[in-house]
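In: no sequence on this one, just coordinates:
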């Protein structure tokens, strides 16, 4: 009923020519969508924000900051060896050994003291002129030739050596070898020491290449046995498993040698030391000694 009334009123107004009001209440406008709102379906947005790439953290940052980069090899001709040292290579790539050290010059004061100690021990020796003019690295600045290492105990082969080598040998004989023999064989005494040449200009183990031997510098001597007063000889042979008194004597003498020499290679220590005891006074850093 009310709807019909309204429709009739509207028709009457239109028929009379009355104008509708130009203004009237308008509904409130809807707020505009934000610029980044999605566009209507099927319409691509004019611009699309591109997210900035997040910086990636460095891998192993702690490790990278604490560990310096490895140093570049400044010697292109160097090649690492088994023990970490480097050996120079020639133009053909073949390894070349560094030059041997120069012949050691004796300190006059130390040499005088060494010879005085030999005199007190009763060692008979002769001084000789310097050995020079051979291969590089070979020679002895102030050699001596030992006749008797202790009173009435000669060497089987008289050979030049440095005074320091002779003094170490004399002390070893007096303080280790003779006391050990007296315990093992109380009725016996040593009348001679059998030895090979102390001085020999060659490489270690007589190899064609490699480091120069301490024999080439008068620092070494090889002992092959001891002759007793009953004419029996205690020969230097591998005795690691020898349970006799002879074996005990040799092992005791060998162990005691490390108190007097810096290198001790007993029989059986390697393929080139099967029939003799190698002793030398090579000076190493920190007083290190190599005793097998």
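Out: Arrived safely, thanks for sending. As the structure is a computational prediction, the values presented were derived from the model and not from experiment. Residues are numbered from 1 along each chain as shown.
In: residue 166 contacts residue 118, doesn't it?
Out: Yes - with contact defined as Cβ atoms under 8 Å, residue 166 counts as touching residue 118 (6.2 Å). In short, each C-beta sits where N, CA and C put it, glycine included.
In: neighbour-wise, which of these two wins?
Out: For residue 166 and residue 118, the more surrounded residue by other Cβ atoms under 10 Å is residue 166, and the numbers stand at 28 against 20.
In: what's the overlap in contacts for residue 166 and residue 118?
Out: Listed as contacting both residue 166 and residue 118 by Cβ atoms under 8 Å, 6 or more residues apart in numbering are residue 125.
In: partners of the strand ranked longest in the chain in the sheet?
Out: Assignment by DSSP state E gives strand 220-228 as the longest strand of the chain. Applying DSSP bridges, strand 220-228 is found paired with strand 190-195 (antiparallel), strand 233-235 (antiparallel), strand 277-280 (antiparallel).
In: can I get these in a markdown table with distance to residue 252, mean neighbour count and mean pLDDT?
Out: Below are the strands paired with strand 220-228 laid out as a markdown table (distance: least, Cβ to Cβ, whole Å; neighbours: other Cβ atoms under 10 Å; pLDDT from 0 to 100):
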| stretch | distance to residue 252 | mean neighbour count | mean pLDDT |
| --- | --- | --- | --- |
| strand 190-195 | 14 | 19 | 98 |
| strand 233-235 | 12 | 17 | 97 |
| strand 277-280 | 13 | 24 | 96 |
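In: nearest to residue 132, out of those strands?
Out: Minimum separation from residue 132 across the strands paired with strand 220-228 (Cβ to Cβ) falls at strand 277-280, 20.6 Å.
In: and the strands in this protein, which stretches?
Out: Counting by DSSP E, the strands of the chain are 78-80, 86-88, 124-127, 144-150, 153-154, 160-161, 190-195, 220-228, 233-235, 263-265, 277-280, 290-291.
In: make CSV out of those strands and add distance to residue 177.
Out: What follows is these, written out as CSV (distance: least, Cβ to Cβ, whole Å):
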stretch, distance to residue 177
strand 78-80, 42
strand 86-88, 39
strand 124-127, 18
strand 144-150, 9
strand 153-154, 10
strand 160-161, 18
strand 190-195, 7
strand 220-228, 7
strand 233-235, 10
strand 263-265, 13
strand 277-280, 11
strand 290-291, 16
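In: pretty sure residue 173 is touching residue 148, no?
Out: No - contact criterion Cβ under 8 Å: residue 173 and residue 148 do not qualify, at 10.5 Å.
In: higher neighbour count, the two?
Out: residue 173 (23 against 17).
In: return the residues in contact with that one.
Out: By Cβ under 8 Å, 6+ apart, the contact set of residue 173 is 149, 150, 153, 190, 193.
In: quick check: it vs residue 151, distance?
Out: According to Cβ to Cβ, to the nearest Å, residue 173 and residue 151 sit 11 Å apart.
In: low-confidence ranges in this structure?
Out: For the chain, applying pLDDT under 70 flags the ranges 1-101, 133, 205-210.
In: how many other residues sit next to residue 164?
Out: The number of residues near residue 164, taken as other Cβ under 10 Å, comes to 17.
In: the closest residue to it other than its chain neighbours and residue 191, how far apart?
Out: In space, and not counting its chain neighbours, residue 164 is closest to residue 281: 5.3 Å by Cβ to Cβ, 6 or more residues apart in numbering. Computed as Cβ to Cβ, the residue 281 to residue 191 distance reads 26 Å.
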